[in-house]
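**Student:** my questions are about this predicted structure, shown below with the sequence.
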Amino acid sequence: MFQPQFRKSDRFWLASAAATLMLMMPVALPRIVQAAERVVTVNSLQFVDKGLVAVGRIPANQRDKFGETFGSGSGMSVERSTWRRTATGYQGNFVLLPDRGYNVEGTTDYRARLNKLSIQLVPHLGAAPPPTDTQQTGVKATLVDTILLTDVAGEYMTGLDPDAVRPPGTGLPALPLAKNGHVSIDPEAVVRMADGSYFISDEYGPYIYRFSAEGKMVAAIRPPEAFIPMRKGAQNFSSNNPGPGAVIPEPPNPNSGRQNNQGFEGMSLTPDGRHLVVILQSATRQDGGDSAATRRYTRMLFYDLSTANQPRLDAEYVVPLPVFDAAGATLVAAQSELVALGATKFLLLARDSNNGYGMKGAQSVFRKIMILDTEGATNIAGGEFDGLKPVAPKGVLDAAVKPVTLTPFIDLNDNAQLNRFGLHSGVPNDRNNLSEKWEAVSLVSVLDPAAPDDYFMFVINDNDFITQDGFQVGASYKDASGADVDTTMLVYRVTLPKELKPY
């Protein structure tokens, strides 16, 4: 049996069908507004946080259609056409993207996949907390299907760390290749298109892949050379998490390009459908990404989809990730998800690491959803910074470049909100303490004519497949932490400026 010691994390400095998962709250939908509201203003636009309105869980040992441990949400997308109001609440179909598989020391031959869920929501609105027995049953998730992701030849894609490169061909760039001959992918974000196809972002490349509705790769986007991990002058897509029989890369960290496990963590489609926007989890190696204290200045890319088969890089901006103090040290909160609200406005989820249920540390210091604004920022696309000239050498931003702005909006660690639903951030480090990784965000309309600018914001964790009753890649496993980290679904109600329509 696979015996874990160290978990793959976003920290870079460490080298069935239709199975009902939760019970829905059986009450009528109240039509009152959450009492406590918080207003944030960005460039005269007002964003309103109306608070947490529902919580739900998917058990940590849930299996998917193929009988393997489910694995929660590294990314999430909504089938918009299915979202509707019901007699008791709301219902719609969501797609959850699990990570590269259960891996603690090294990686495994986990087949990449998507899980389709039917989500039912009964929000609790009002000042009083919900009854104790319904605090965490406001969201019900039913597994509908699991789709395997394959390459252009129909061969499954693997979570194994790549130790080779598949040469360019058949309209595709050079691809990360595992020791077993399969294309490697570490999937992190998903966008479902109107035609049912998917864009999925990857940490290994870092690349963006397009898949058909059936899960077959049809295209791949290779970013500028500044993003490609290089070791000793050659591209090398390893993240220093070798699988069985694979070798440790030399050097362990890239000399330039994306840092290990810090690839395209967030991705979104602008509401007009024109631009696919993707963002690195933290700075490239040459931009200060070689240190936990200097990895602040990451980059976001805008790809024009006007010509569907040949996306064109239209814009590139520098994003100053938030910093926070922990035990006397100043650290950078890497980002985990991006949601477009308009052509220039986005939500960005940024957080710390190594704290929460399933980890040794109990108290998270930073988990916030920020408002990102690109207005007035410098577009560096196609210039010298897309080569190997750093835009922020040693973490100091080039004086000629104006970054985007970030404004705090929602604090996921707000215990005043969490406690109303039986959750908390910090001690005791039990199953009601928020787990470490929060990585998936989506917005759906409240569908209320009296509140046309109100949306439910779903926020879902990535549980890293942590369970005491796991099964994957032909073997049972039991995580050494002793924890069962459920997939937890938090739902907030927000009001967006009428000028912004997220879809």
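**Tutor:** Yep, that arrived.

**Student:** how about the strands in the stretch 51-200 of the chain?
**Tutor:** Counting by DSSP state E, counting those that start in this stretch, one finds strands in the stretch 51-200 of the chain at the ranges 75-85, 90-97, 113-121, 139-148, 164-166, 175-177, 187-192, 198-202.

**Student:** of all these, which one comes closest to residue 43?
**Tutor:** Among those, strand 187-192 comes nearest to residue 43, with 25.9 Å by C-beta to C-beta. Where C-beta positions appear, they are placed from N, C-alpha and C, glycine not excepted.

**Student:** from the chain's centre, how far out does the closest one sit?
**Tutor:** 8 Å (C-alpha atoms, centre = their mean, to the nearest Å).

**Student:** return the list of strands paired to that strand, each annotated with direction.
**Tutor:** strand 198-202 (antiparallel) (DSSP bridges).

**Student:** now do the residue nearest to residue 244 when sequence neighbours are not counted, the pLDDT please.
**Tutor:** Once flanking residues are discounted, residue 244 sits nearest to residue 106: 6.9 Å by C-beta to C-beta, 6 or more residues apart in numbering. Looking at residue 106, its pLDDT is 92.

**Student:** can you tell me how far residue 106 is from residue 361?
**Tutor:** Between residue 106 and residue 361 the computed distance is 23 Å (C-beta to C-beta, to the nearest Å).

**Student:** neighbour-wise, which of the two wins?
**Tutor:** residue 106 (20 against 15; other C-beta atoms under 10 Å).

**Student:** so how far is residue 330 from the more buried one?
**Tutor:** 32 Å.

**Student:** do the same with residue 359
**Tutor:** Counting by C-beta to C-beta, the gap between residue 359 and residue 330 amounts to 21 Å.

**Student:** okay, these two: which has more neighbours?
**Tutor:** residue 359 (22 against 11).

**Student:** how about that one, secondary structure?
**Tutor:** Classification of residue 359 using DSSP: H, G, I helix; E, B strand; the rest coil returns coil.

**Student:** contacting residues around it?
**Tutor:** Residue 359 is in contact with 429, 435-436, 481, counting by C-beta atoms under 8 Å, 6 or more residues apart in numbering.

**Student:** state the pLDDT value of residue 488.
**Tutor:** 98.

**Student:** how about it: which residues does it bridge to?
**Tutor:** Those that pair with residue 488 in a beta bridge, by DSSP bridges, are residue 57.

**Student:** next, count neighbours for it.
**Tutor:** A count of neighbours around residue 488, defined by other C-beta under 10 Å, yields 24.

**Student:** with residue 430 instead?
**Tutor:** 10.

**Student:** just the closest of the contacts of residue 359 to residue 394, please.
**Tutor:** residue 436 (28.4 Å).

**Student:** give the contact list for the closest residue to the closest one other than its chain neighbours.
**Tutor:** Among residues not flanking residue 436 along the chain, residue 356 sits closest, at 4.1 Å (C-beta to C-beta, 6+ apart). With contact taken as C-beta under 8 Å, 6+ apart, residue 356 is in contact with 362, 364, 425, 429, 433-437.

**Student:** do you know the pLDDT at the residue nearest to residue 155 when sequence neighbours are not counted?
**Tutor:** Using C-beta to C-beta, 6+ apart and skipping the chain neighbours, the partner closest in space to residue 155 is residue 182 (6.0 Å). Looking at residue 182, its pLDDT stands at 98.

**Student:** state the helix or strand in which residue 418 lies.
**Tutor:** helix 415-418 (DSSP states H and E).

**Student:** go on, residue 409?
**Tutor:** Using DSSP H and E, residue 409 maps to strand 405-411.

**Student:** pairing partners for that strand, with directions?
**Tutor:** strand 367-373 (antiparallel).
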